[in-house]
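Q: here is a sequence together with a model predicted from it:
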Amino acid sequence: MAVRKADGTTERWAFECSSPNMMIRWGWNKNDIHVGDKITVDGHVARDGKTVASVQTLFLANGKILADPMGQARNVSGDELASGPESVPDKPRGRCTNERVWQPHCK
């Protein structure tokens, strides 16, 4: 995806998510996102500095909010994974930033 940086330029990013089966159980639908849609992602950025992140929560322009089981901040059981998220945030939780992307957790 093309991610807009603070200076207005864009950078190519890859985002990892769970298996399609788990994403469907957590409310995702193949028609939720289309090429060109503007989205906001809370995620865990790769430790090696590469432009790769694990999706935690996705905020769509239409107001829909989707969580991804792989990006949860705590270990969850198989039953919890299968039943979907307990709750999702109502807005991005980025607490700190680097020059590339908002992050919910920074080191």
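A: It's in.
Q: what about F59, helix or strand, and which?
A: Using DSSP states H and E, F59 sits within strand 52-60.
Q: beyond that strand, next helix or strand please.
A: Using DSSP H and E, the next helix or strand after strand 52-60 towards the C-terminus is strand 65-67.
Q: strand partners of that next one, parallel vs antiparallel please.
A: Using DSSP bridges, strand 65-67 pairs in its sheet with strand 52-60 (antiparallel).
Q: quick one, helices of the chain?
A: Secondary structure of the chain, counting by DSSP state H: helices at 20-25, 78-83.
Q: and the ones you listed, which one averages the lowest pLDDT?
A: Here the lowest mean pLDDT among these goes to helix 78-83, at a mean of 67.
Q: D32 reaches L66, doesn't it?
A: Yes. Contact criterion C-beta atoms under 8 Å: D32 and L66 qualify, at 6.8 Å. C-beta here means a position set from N, CA and C on the backbone, and glycine is covered the same way.
Q: identify the contacts common to these two.
A: Counting by C-beta atoms under 8 Å, 6 or more residues apart in numbering, the contacts common to D32 and L66 are L60.
Q: who's more crowded, those two?
A: L66 (20 against 15; other C-beta atoms under 10 Å).
Q: got a pLDDT number for the closest residue to that one other than its chain neighbours?
A: Take L66 and drop its neighbours on the chain: the residue closest to it by C-beta to C-beta, 6 or more residues apart in numbering is L58, 4.5 Å away. Looking at L58, its pLDDT reads 88.
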